[in-house]
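Chemist: no sequence on hand, only this structure:
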């Protein structure tokens, strides 16, 4: 039986997932996923991999949050002030 983090590492190694997708697959809260992601980012480095964040994007003006280092979804777009923002996705490569 694997721990939650081990299950997340396995899933992220096989595909691209949002925090919501991971929370649904693992039956945990989305807030817990963000806590685990910061630890996973550090632990996969020792295995020669890295956690890649596919950045959020505003659905109204297509602004991409390239410089954002947080794992959570931004609340509002700095360009158009819209709140329809695609969630960031994660994978391990």
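Modeler: Arrived safely. No experiment lies behind these values; they were computed from the predicted model shown.

Chemist: for my notes, confirm residue 61 occurs in a helix.
Modeler: No. Secondary structure of residue 61 (DSSP: H, G, I helix; E, B strand; the rest coil): coil, not part of a helix.

Chemist: pretty sure it contacts residue 81?
Modeler: No. Judged on C-beta atoms under 8 Å, residue 61 makes no contact with residue 81 at a distance of 9.6 Å. Where C-beta positions appear, they are placed from N, C-alpha and C, glycine not excepted.

Chemist: and the next helix or strand past the biggest helix by length in the chain?
Modeler: In the chain, taking DSSP state H as the definition, the longest helix is helix 30-43. Next in sequence after helix 30-43, counting helices and strands by DSSP states H and E, comes strand 51-54.

Chemist: off-centre distance for that next one?
Modeler: Put simply, strand 51-54 sits 7 Å off its chain's centre (C-alpha atoms, centre = their mean, to the nearest Å).

Chemist: ok, residues contacting it?
Modeler: If you take C-beta atoms under 8 Å, 6 or more residues apart in numbering as the criterion, strand 51-54 is touched by 12, 16, 37, 40-41, 44, 71, 88-93.

Chemist: residues in contact with residue 50?
Modeler: Counting by C-beta under 8 Å, 6+ apart, the residues that residue 50 touches are 41, 44, 92, 93.
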